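In: With the sequence up front, the predicted model follows.
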Number of protein chains: 2
Amino acid sequence: MFRLSKGSGYAIAGLVYMASSSASDYTGIDEISRATGISRQYLAKLFRTLASRGIVRSARGRDGGFMLDRDPGSITLLEVVEAIDGPVEAGCVIKDDGCADRSGCLLHYVLKRCSGSVASILASESIGGIGPGFFCK
Amino acid sequence: MFRLSKGSGYAIAGLVYMASSSASDYTGIDEISRATGISRQYLAKLFRTLASRGIVRSARGRDGGFMLDRDPGSITLLEVVEAIDGPVEAGCVIKDDGCADRSGCLLHYVLKRCSGSVASILASESIGGIGPGFFCK
DNA sequence: GCGTCATTTGTTCAGGCTAAGCAAGGGGTC
DNA sequence: GACCCCTTGCTTAGCCTGAACAAATGACGC
């Protein structure tokens, strides 16, 4: 009903690396994969999704790769997570659609508070804000 | 890296129903399944897990069923969620073990804030606190 | 008291679905 | 021709669902 996947973390790690490399040209997926230790194929799949969402730009062929399409400071973690995992929001577990906020579903209310809290934390941090010091040893 | 599954929601719904029925004897899984609209088999599996964690008590045979083993007000949603989904905590995505809090992993820090926030919200609500008004129409 | 029966949980199997990761070939660009 | 993204398909694991069978318990008839 509500999740943060490993894929989201991988995408954030890759984006942070790109932002910190401060290269004005494209960065190959192989380089990002080596630097972060993430599976090359899976990372490529994630970046294709990010490209379709307008977060990164891709170029094929020699000297091709991926490149941030916007200022790192303007890309929030929430945006990245929602691109990969879908909306960060917890609906009612019992009824998929019904159960609007107006109904007195207390469980729905508690879950809304959880997802809302996570969303606001993720929205307050950006790729540029994480910075190159991000990588754990 | 961190999730709240449907199973957790189902378990909470079942427990709330049991607490609200205020019966001093055992409640059958069929009754809970009918009242909540949750798959009987899956609900039974969830309740078996809850029984092994000491949250409910079970009895087989005629007039058997499940029964809260403690005061509904003392069973927090966090306890139920962790019984079903495991610990509500987001570790580092890049390194499974290393990456302790002391290292300067900013992503780790952000994720810790997210999971900590969710855990504290879930810990502040109990099965007894949700109450019978919980069910959405 | 004993055997039978209905009731209800416990166990097992099988299938559909999604996330995560792997591998190979296609095709664009320098 | 070398480089590198794109597409497709496959495998593994875990979640969710459904069905059938086994085991335990209480009620009833004798």
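Out: On my side now, so go ahead.
In: The residue nearest the centre of chain A: which element?
Out: The residue at the geometric middle of chain A, judged as the C-alpha nearest the mean C-alpha position with CA atoms, centre = their mean, is residue A:80 (2.3 Å). Following DSSP states H and E, one finds residue A:80 within helix A:77-85.
In: Contacts for that helix, please.
Out: When contacts are taken as CB atoms under 8 Å, 6 or more residues apart in numbering or on different chains, the neighbours of helix A:77-85 outside the stretch itself are A:3-5, A:7-8, A:11-12, A:15, A:46, A:49-50, A:53, A:55, A:88, A:119, A:122-123, A:125-127, A:130, B:110. All C-beta atoms are positioned from the backbone trio N, CA, C, and that covers glycine.
In: Looking at those residues, which are in strands?
Out: Secondary structure defined by DSSP state E assigns A:3-4 of the contacts of helix A:77-85 to strands.
In: ok, and of the contacts of helix A:77-85, which contact DNA strand D?
Out: The overlap between the contacts of helix A:77-85 and the neighbourhood of DNA strand D (criterion: CB under 7 Å from any atom of the strand) is empty.
In: Now list the buried members of the contacts of helix A:77-85.
Out: When burial is judged by neighbour count using 16 or more other CB atoms under 10 Å in any protein chain shown, the buried members of the contacts of helix A:77-85 are A:3-5, A:7-8, A:11-12, A:15, A:46, A:50, A:55, A:88, A:119, A:122, A:125-127, A:130, B:110.
In: distance of residue A:40 from DNA strand D?
Out: Plainly put, residue A:40 is 8 Å away from DNA strand D if you go by CB to the nearest atom of the strand, to the nearest Å.
In: and what of residue A:30?
Out: Using CB to the nearest atom of the strand, one gets 6 Å for the distance from residue A:30 to DNA strand D.
In: in which helix or strand would I find that residue?
Out: Assigned by DSSP H and E, residue A:30 belongs to helix A:29-36.
In: What helices and strands are in contact with that helix?
Out: Contacts of helix A:29-36 with other secondary structure elements, assessed using 3 or more CB pairs under 8 Å, 6 or more residues apart in numbering or on different chains; DSSP states H and E, are made with helix A:6-21, helix A:40-52, strand A:65-68.
In: That helix close to DNA strand C?
Out: No - for a cut-off given as CB under 7 Å from any atom of the strand, helix A:29-36 has no contacts with DNA strand C; the smallest distance is 9.2 Å.
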